Every structure is written in structure tokens, then in C-alpha cells.
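> sharing a sequence plus its predicted fold:
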Amino acid sequence: PRLQSAVLASNVFVSQPAYTVVGTVEDASAVVIYVNGGLAALSGGQFTSQINLVEGDNAIDMLAIDLAGNTNRAFGRVVLDTLAPVFIQITPTNSALYAMTPISLSGIVAEENLKFVRIGNSIFLSNTNFNIAYQILEGRNDIEFLAEDRQGHMSIVNRTCFLDSMPPQLTISSPTGRDY
């Protein structure tokens, strides 16, 4: 028997645990199909099987057996992603004070299926570790860190930092000119 299914393509990502495996089978005789050990419904060469996924990678094992005992097995994978990315480390710390710019922004995002990380208006594609030089302005600076996965789940962390690059101004008021 010959098997075809969309789950044979790589990188099938879903956000719901209930998943229907759909495919086709071709053979000269009657065929039964098993998906992950469960009997699939078969009608006119098309099969369907409802399975429950767990968070992360899920192996899909499809087995076709015809009346003559011939078998064909196909494997696929489906990734269930219901969770937003998590920033597990970010610098700067909130309310950090700097004397010069640019500053270093760095961090780590825990996400297996990361689509991108955006810092301010800059996007860094699919890198869970980042370290960039970032220009800040004199005074208060609000910086937004956003991570999005392939399913559209987002996490946002905001940090405020300050730039004080001006030396203190010192004015002597006494003694004046000829007071000494």
C-alpha cells in the first residue's frame, strides 16, 4: 500500500491538542490503516484518525496493511505549542544607570519554536540567545523586549534604564573673586 499524509512534511505546528491525521492510501486490495496504534477511519482511499498531542514534539506512526499482508509504514511529526516564549534572563536590569551609550542588551528566551525576538524596533530572527549594542538617549529610556513563537504566542518584558552622561556642574558661590 502507498501512504500519503500532510504530517509527512516537516515542521507541522499546531496550537490545539486534538489533531486529526488525514491522508490517502492506494492499493489493489482492501487496506486497514493504523495511526499511532489506533485504527483509522477509511473511506474511498482517504483515512482520518483523531489523536491527542502532548506539548512539544509528537511522533506520528502510520501503518497500512493490505489483504495480502503487505505493509507500508510512514512517519511524521507534529509539534504542539500552546505556551508563550519565556525570557529567562535579560539585561539591563530595571532602573539600571549608565554613563555612556551604546549599552549591551542581552538575554535568553526559552522557546523551542521561536519565530523572532524584537528589541525596541529591531528584529532578530529565531535566535534564543541575543546580545546587541543598543543606543539610548540622555535621561529615561523604556525598552520593550518581545518574543513570538511560530503559533503567534507572545511574551513582552519592559525595562527602564537611564543615561546620565553629563558630569556634575560645580558652581562656587563663596568665596567670590576678592573675598580671600
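Looks like it arrived, so ask away.

> could I get the average pLDDT for stretch 150-165?
Here stretch 150-165 scores 95 as its mean pLDDT.

> list the contacts of that stretch.
For stretch 150-165, the external contacting residues (C-beta atoms under 8 Å, 6 or more residues apart in numbering) are 13-15, 81-87, 90, 92-101, 103, 109, 113-115, 136-148. For glycine as for every other residue, the C-beta is placed from the backbone atoms N, C-alpha and C.

> switch the cut-off to 6 Å
13, 15, 81, 84-85, 87, 90, 92, 94-101, 113, 115, 136, 138, 140-148 (C-beta atoms under 6 Å, 6 or more residues apart in numbering).

> kindly report the same for stretch 105-122.
81, 85-91, 123-126, 128-132, 134, 143, 145-150.

> again, only using 7 Å
13, 56, 79, 81, 85-92, 123-132, 134, 143-150 (C-beta atoms under 7 Å, 6 or more residues apart in numbering).

> low-confidence ranges in the protein?
Counting by pLDDT under 70, the chain has low-confidence residues at 10, 125-126, 177-180.

> find the residue at the geometric middle of this protein.
Leu114 (2.3 Å; C-alpha atoms, centre = their mean).

> against Leu53, how distant is that one?
19 Å (C-beta to C-beta, to the nearest Å).

> pairing partners for the helix or strand where Thr20 lies, with directions?
Assigned by DSSP states H and E, Thr20 falls within strand 18-26. Strand 18-26 sits in its sheet next to strand 2-5 (antiparallel), strand 46-52 (antiparallel), going by DSSP bridges.

> turn those strands into JSON lines, including distance to Leu63.
Shown next, in JSON lines, are these (distance: least, C-beta to C-beta, whole Å):
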{"stretch": "strand 2-5", "distance to Leu63": "9"}
{"stretch": "strand 46-52", "distance to Leu63": "11"}
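
> can you put the ones you listed in CSV and add mean neighbour count and distance to Ser155?
What follows is the strands paired with strand 18-26, written out as CSV (neighbours: other C-beta atoms under 10 Å; distance: least, C-beta to C-beta, whole Å):
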stretch, mean neighbour count, distance to Ser155
strand 2-5, 16, 33
strand 46-52, 16, 26
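
> who wins for proximity to Asn70 among the ones you listed?
strand 2-5 (10.5 Å; C-beta to C-beta).

> ok, now which ones touch Ala96?
Ala96 touches Cys161, counting by C-beta under 7 Å, 6+ apart.

> quickly list what it is bridged to.
Cys161.

> from Val109, how far off is it?
Using C-beta to C-beta, Ala96 is found at 20 Å from Val109.

> can you check Asp61 too?
32 Å.

> what sits closest to Trp107 if chain neighbours are left out?
Just to correct that, residue 107 is Gly rather than Trp. Ile90 (4.1 Å; C-beta to C-beta, 6 or more residues apart in numbering).
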